[in-house]
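Undergrad: Got a predicted model here, sequence first, then my questions.
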Amino acid sequence: MAPTKERLHSLMHLFIACLLKLSTAAPCLPDQASSLLQLKASFIGDSLPSWQAGTDCCHHWKGVTCDVAFGRVISLDLGEFDLTSSRRLDPALFNLTSLRNLSLAFNDFSGALVPASGFERLTVIIHLNLSCANFGFQIPIGIAYLRNLVTIDLSGTIGRLVSLHGLDMSHNNFTGKIPSQLGNLTRLESMDLSCNSLSGEIPQEFTSLTSLSWLNLSYNNFTGRLPQGNQFLTFPSSSFEGNAGLYGIQLSKQCDNLGPDLTTRSTLAPEPNSLWQDRLDAIIFFLFVGLGFDVGFALSIIFRSFYHIEGWLYKHMY
């Protein structure tokens, strides 16, 4: 019985310590509460009744989590709060510079704009979820500077970027399937998703991208038959190499108009930052998007490259 009593005593001490820690938690800082109230004012109606001036935002405001030591907001989870807005999301949000998690998912912002700048101030953010929120989306360029960002979910939103001409998400750790909504980006002229760990089939909706003149999906884990139709049949095999599970007409023949430099480059795994340099006329947008993807470890498949190297050597040396 003695060990059981000792265990109970230990648990009791731990419980008391937790209570003392909670009782000494720092209150919400005034500037944090003020920024949250400005954000609330940009919403229509009162979907956040617990957010009241004069109360502690760290302990009484729903969706808000603070660090215990300093009273700074570290998580703002407003997903599925029935929030609506017809204006721009208030930039006071970016005063919460200690945010590690931000979710505004599954609300209806009725075309309200996400500020293009300001996200770069959230330097410690790890998770960002703006999915299915009906934003009138413009690319938040500041996201490109978030070095600690691990996951980003813009699903249900990416298809609204109808003016996008260039998309480069190469050399990241993106996993999962390509969302079919990318097929809505009808003005897209160049797309690079190479050197990630994306999997599944390439969406047939990509054949709707009739403005697309340059494509690189190499060195992922794609499987299945390549989409057929429109300009998709014109892309060379180098656009798809490094995906052992892919098959289709594009991989059964070589493009005769490939120059020596392009042929050589297609035999090797692409080096970072080299792909866009070969297309000086491409409009580059650096957009770190998870598109609903979970982060995994990048696994570039290099085994098919040996086949291409061998074929190139045979063609040029014999």
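TA: Everything's here; your move.
Undergrad: can you pull out the strands in the stretch 101-250 of the chain?
TA: For the stretch 101-250 of the chain, the strands defined by DSSP state E, counting those that start in this stretch occupy 101-103, 127-129, 151-153, 166-168, 175-176, 190-192, 197-200, 214-216, 221-225, 245-247.
Undergrad: which parts of the last one are buried?
TA: Meaning strand 245-247. residue 246 (16 or more other Cβ atoms under 10 Å). (C-beta placed from N, C-alpha, C; glycine too.)
Undergrad: partners of that strand, with directions?
TA: According to DSSP bridges, strand 245-247 forms sheet pairs with strand 221-225 (parallel).
Undergrad: Kindly report the same for the fifth one.
TA: According to DSSP bridges, strand 175-176 has the following sheet partners: strand 197-200 (parallel).
Undergrad: buried set for the strand it pairs with?
TA: 197-199.
Undergrad: Let me see the mean pLDDT of that strand.
TA: What strand 197-200 shows for mean pLDDT is 91.
Undergrad: again with stretch 63-76
TA: Mean pLDDT, stretch 63-76: 96.
Undergrad: got it, and stretch 214-234?
TA: On average, the pLDDT along stretch 214-234 is 91.
Undergrad: and it, how far apart are its ends?
TA: Stretch 214-234 has an end-to-end distance of 10 Å (criterion: Cα to Cα, to the nearest Å).
Undergrad: Identify each buried residue in that stretch, please.
TA: For stretch 214-234, the neighbour count (16+ other Cβ under 10 Å) marks 214-222, 226-227, 232 as buried.
Undergrad: Out of these, name the two that are farthest from one another.
TA: Using Cβ to Cβ, these reach their maximum pairwise distance at 214 and 221, which is 21.8 Å.
Undergrad: can you map out the helices along the chain?
TA: Secondary structure of the chain, counting by DSSP state H: helices at 2-23, 30-41, 57-60, 249-252, 260-266, 303-317.
Undergrad: What ranges in this protein fall below the confidence cut-off?
TA: Within the chain, the segments meeting pLDDT under 70 span 1-24, 137-139, 158-163, 173, 253-318.
Undergrad: my read: residue 150 touches residue 127, true?
TA: Yes - between residue 150 and residue 127 there is a contact under Cβ atoms under 8 Å: 6.4 Å.
Undergrad: Comparing those two, which residue is more hemmed in?
TA: A count of neighbours by other Cβ atoms under 10 Å puts residue 127 above the other of residue 150 and residue 127, at 18 against 14.
Undergrad: List the beta-bridge partners for that one.
TA: residue 101, residue 151.
Undergrad: Next, the buried residues of stretch 192-208.
TA: In stretch 192-208, counting by 16+ other Cβ under 10 Å, buried: 192-199, 202-203, 205-208.
Undergrad: Present those as JSON lines; the columns should include distance to residue 53.
TA: Formatted as JSON lines, the buried residues of stretch 192-208 follow (distance: Cβ to Cβ, whole Å):
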{"residue": "192", "distance to residue 53": "48"}
{"residue": "193", "distance to residue 53": "47"}
{"residue": "194", "distance to residue 53": "51"}
{"residue": "195", "distance to residue 53": "50"}
{"residue": "196", "distance to residue 53": "46"}
{"residue": "197", "distance to residue 53": "47"}
{"residue": "198", "distance to residue 53": "47"}
{"residue": "199", "distance to residue 53": "49"}
{"residue": "202", "distance to residue 53": "52"}
{"residue": "203", "distance to residue 53": "48"}
{"residue": "205", "distance to residue 53": "48"}
{"residue": "206", "distance to residue 53": "51"}
{"residue": "207", "distance to residue 53": "54"}
{"residue": "208", "distance to residue 53": "50"}
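Undergrad: Contact partners for the closest residue to residue 156 other than its chain neighbours?
TA: Distances taken as Cβ to Cβ, 6 or more residues apart in numbering place residue 132 nearest to residue 156, at 3.8 Å, with adjacent residues excluded. Taking Cβ atoms under 8 Å, 6 or more residues apart in numbering, we find residue 132 in contact with 105-106, 155-157.
Undergrad: If we use 10 Å, what do you get?
TA: Applying Cβ atoms under 10 Å, 6 or more residues apart in numbering, we find residue 132 in contact with 79-80, 104-108, 153-157, 292.
Undergrad: Looking at those, which is nearest residue 176?
TA: Distance to residue 176 across those (Cβ to Cβ) is lowest for residue 292, with 6.9 Å.
Undergrad: could I get the strands of the stretch 101-250 of the chain as a markdown table with distance to residue 121?
TA: Formatted as a markdown table, the strands of the stretch 101-250 of the chain follow (distance: least, Cβ to Cβ, whole Å):
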| stretch | distance to residue 121 |
| --- | --- |
| strand 101-103 | 12 |
| strand 127-129 | 13 |
| strand 151-153 | 16 |
| strand 166-168 | 24 |
| strand 175-176 | 28 |
| strand 190-192 | 28 |
| strand 197-200 | 30 |
| strand 214-216 | 32 |
| strand 221-225 | 35 |
| strand 245-247 | 41 |
